[in-house]
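A.B. asks: Give me a model of this one.
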Amino acid sequence: MAATEIEVEVAFALPERQRIVTLAVPEGTTARQAVRLAGLETLFPELPPSTFGEADLGIFGKPLRDPDHQVLRAGDRVEVYRPLVIDPKAARAERARTKR
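C.D. replies: Numbering: from 1, shown residues only. Down below sits the predicted model:
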């Protein structure tokens, strides 16, 4: 008997472009597995594959604490978050210094 499939989306964005990949995955698929199945490294070849394998993930804007064990439901959109380029506190301190 074949496993039931559900439809989910995986989203990733750079400042200049974004991609949302729709997938049919077996029930029980985790968020991290869905990112692997989406093949984002082929859609964004300029980025190292570790960008997607190690990234923080969320579902509809809510960060996941344990994406390796978060089982997806039909209709979920997994979002792959880019790492911060600069710490927000450091950026705020730098802006305050330059305003003086």
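A.B. asks: Now Ile6: closest residue in space, sequence neighbours ignored.
C.D. replies: Nearest residue to Ile6 in three dimensions, chain neighbours excluded: Ala74, at 4.0 Å (C-beta to C-beta, 6 or more residues apart in numbering). From N, CA and C alone the C-beta is placed, and that goes for glycine too.
A.B. asks: Export the longest helix belonging to the chain to CSV, keeping only CA atoms.
C.D. replies: If each helix of the chain is counted by residues according to DSSP state H, the longest one is helix 88-99. Provided in CSV are the C-alpha atoms of helix 88-99 (Å, rounded to 0.1, in the frame of the first residue of the first chain):
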residue,chain,number,x,y,z
PRO,A,88,20.8,43.8,14.7
LYS,A,89,22.2,45.3,17.9
ALA,A,90,25.5,46.0,16.2
ALA,A,91,23.7,47.7,13.3
ARG,A,92,21.7,49.9,15.7
ALA,A,93,24.8,50.9,17.6
GLU,A,94,26.5,51.8,14.3
ARG,A,95,23.6,53.9,13.1
ALA,A,96,23.6,55.7,16.5
ARG,A,97,27.3,56.4,16.1
THR,A,98,27.0,57.8,12.6
LYS,A,99,24.1,60.2,13.6
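A.B. asks: which helices and strands sit right next to it?
C.D. replies: Counting contacts by 3 or more C-beta pairs under 8 Å, 6 or more residues apart in numbering; DSSP states H and E, helix 88-99 packs against no other helix or strand.
A.B. asks: and the residue sitting nearest the centre point of the chain, what does it touch?
C.D. replies: Residue closest to the mean C-alpha point of the chain, counted by C-alpha atoms, centre = their mean, is Val80 at 1.0 Å. Residues near Val80 by C-beta atoms under 8 Å, 6 or more residues apart in numbering: Val10, Ala11, Phe12, Val35, Leu40, Phe52, Ala55, Leu57.
A.B. asks: hey, where'd the helices end up in the chain?
C.D. replies: According to DSSP H, the helices that the chain contains are 31-38, 40-43, 50-53, 88-99.
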